[in-house]
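**Student:** let's see this in three dimensions:
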Amino acid sequence: MAVHIKSERETEGIRAAGRILVKALAAAEAAVRPGVSLKQLEQICVDCLRSHSATPTFLGYQGFPGAACISVNEEVVHGIPNGRKLAEGDIVKIDIGVTKDGFIADGARTFEVGKVKPEVHALVVATERAFRVGADKARAGNRVSDIGAAVQSYVEEQGYSVVRDLCGHGVGLELHEEPSVPNFGKPGKGMTLKSGMTLAIEPMVNMGGFEVETLANDWTVVARDGKPSAHYENTILVTEAEPEILTNG
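**Tutor:** Numbers count the residues shown, from 1 in each chain. Predicted coordinates for the structure are as follows:
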């Protein structure tokens, strides 16, 4: 699949989807507390999207049964919303795609449920920071691997590990476009970034080892050692200067 350089019209369409995504995540965050179920959080996201004449991109994508990916604690990504209720000290990752007028934005956040352990809070903070360190490299003229190299360097300096079996990706007209954007690697490799590319950059950071496995439901990816994992994702626009975050309000 060729990389699609977005026109101004296309970029504005993705930006509009991104604004709705931010509203949905904010609505879900406001409901995160002990006792709320994953299904309830999913419904909050869906209701917000529908109120803005948008649809959940993930629903039915390659057979995925949920409208959002909601993953708890050691679950890295692709958790299927169900009746599980959040408990004090959990972390919950909510990852949603929004389709509006044919344009797609993709984003995820990790939310703390009540008071979490200090070391878990530090993981959540570091994961957001890892996104920002990586996204800063998403400038025209840099290489794709510059993003992942920056993420990996920062994460490992903090004593964590980056998941290697999953990666970021191009996004905008399709949910998954070229190029793939790994969260690790050596700088100066891969495709040269160009203005007008739209990328989903999404560090997945494990407190323990980077190894993961997929549960029997064929979707949910978990840290193999059972330690907590955090996820932070935004859709960004590559420019000649500082990249624009299209899912940032």
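**Student:** go ahead and confirm Arg33 touches Glu112.
**Tutor:** No: assessed by Cβ atoms under 8 Å, Arg33 is found out of contact with Glu112, at 10.5 Å. Where you see a C-beta, it was placed from the backbone N, CA and C, and this is true even at glycine.
**Student:** from the contact counts, what lies against the longest helix along the chain?
**Tutor:** Longest helix in the chain by number of residues (criterion: DSSP state H): helix 8-31. Under the contact criterion of 3 or more Cβ pairs under 8 Å, 6 or more residues apart in numbering; DSSP states H and E, helix 8-31 touches helix 38-51, strand 91-100, strand 103-112, strand 234-237.
**Student:** mean neighbour count, mean pLDDT and distance to Asp165 for those - can I get that in JSON lines?
**Tutor:** Shown next, in JSON lines, are the helices and strands packed on helix 8-31 (neighbours: other Cβ atoms under 10 Å; pLDDT from 0 to 100; distance: least, Cβ to Cβ, whole Å):
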{"stretch": "helix 38-51", "mean neighbour count": "19", "mean pLDDT": "98", "distance to Asp165": "23"}
{"stretch": "strand 91-100", "mean neighbour count": "25", "mean pLDDT": "98", "distance to Asp165": "16"}
{"stretch": "strand 103-112", "mean neighbour count": "25", "mean pLDDT": "98", "distance to Asp165": "17"}
{"stretch": "strand 234-237", "mean neighbour count": "26", "mean pLDDT": "98", "distance to Asp165": "21"}
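**Student:** take the ones you listed and lay them out in a markdown table including distance to Ile5.
**Tutor:** Shown next, in a markdown table, are those (distance: least, Cβ to Cβ, whole Å):
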| stretch | distance to Ile5 |
| --- | --- |
| helix 38-51 | 27 |
| strand 91-100 | 20 |
| strand 103-112 | 15 |
| strand 234-237 | 11 |
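**Student:** closest to Val151 out of these?
**Tutor:** Using Cβ to Cβ as the measure, strand 234-237 is the one of the helices and strands packed on helix 8-31 that comes nearest Val151, at 13.0 Å.
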